[in-house]
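> Everything below, folded, please.
(chains A and B)
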Amino acid sequence: AQTIHQWPVAEIKAVGSPLSLGCTIKGKSSPNLYWYWQATGGTLQQLFYSITVGQVESVVQLNLSASRPKDDQFILSTEKLLLSHSGFYLCAWRAGRSDYTFGSGTRLLVI
Amino acid sequence: GDSVTQTEGPVTVSESESLIINCTYSATSIAYPNLFWYVRYPGEGLQLLLKVITAGQKGSSRGFEATYNKETTSFHLQKASVQESDSAVYYCALGNSGGSNAKLTFGKGTKLSVKS
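As a prediction, the model looks like this:
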């Protein structure tokens, strides 16, 4: 069975500090991977997607970056956090025309 | 662009009462959108509750149901008798069926609390 693991579960970070969020998918080779984000009071929106190792497409510009260093790993990061980065981050995978499978999410508070 | 509007939460209902969470959509970039309801229980990830890909059809799961109405561009979620375990955040979403970037467009989510 496929599993998706996101880390960390929650973070409190200072403005200007770096951030790295991760996501690992097990049991599925070459999935399409996605990052979604929901600001407090906002809607869940897609930030990035990747269809293969080393290739990431940006959908929304938020001063964040994403990388896919391995087939089963997707990383979201930034060198300098902004207050506006606070929110809920979800990783997801999809294979072909299957439904999305989402992780448990990371709640980020930037202070 | 595409958009989804759903009932603003939080919504509180008593156990065994009926529930309706409204969802309307606007799909400008997708000719035949697929419609979804996702649910996020406390401490868990987003799970697919039900989906409908054909206008006029009804989807159902765990006692919930929703009908894809293309005329009114609606996809309301209903349940005849809620339970305390239904307490969660519910998201309405639309998307297309294929392509590597089959993006989902979500509503803001509706937090449901069921009191015993």
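> In terms of helix, strand or coil, where does the residue most central in space within chain A fall?
Closest residue to the average C-alpha location of chain A: A:W35 at 3.6 Å, with C-alpha atoms, centre = their mean. Put simply, A:W35 is strand when judged by DSSP: H, G, I helix; E, B strand; the rest coil.
> quick one, what contacts it?
A:C23, A:Q46, A:L47, A:F48, A:Y49, A:A66, A:F74, A:L76, A:Y89, A:L90, A:C91, A:A92 (C-beta atoms under 8 Å, 6 or more residues apart in numbering or on different chains). All C-beta spots, glycine's among them, are computed from the backbone N, C-alpha and C.
> now, which of those lie within strands?
In strands, defined here by DSSP state E, the members of the contacts of A:W35 are A:C23, A:Q46, A:L47, A:F48, A:Y49, A:A66, A:F74, A:L76, A:Y89, A:L90, A:C91, A:A92.
> Report the contact partners of the fifth one.
Put plainly, it is A:Y49. Counted by C-beta under 8 Å, 6+ apart, A:Y49 has contacts A:N32, A:L33, A:Y34, A:W35, A:V56, A:E57, A:V59, B:S100, B:N101, B:K103.
> Show me what it is bridged to.
A:Y34, A:E57 (DSSP bridges).
> ok, back up a step: which one among the contacts of A:Y49 gets closest to B:R62?
A:Y34 (25.0 Å; C-beta to C-beta).
> Noted, bye for now.
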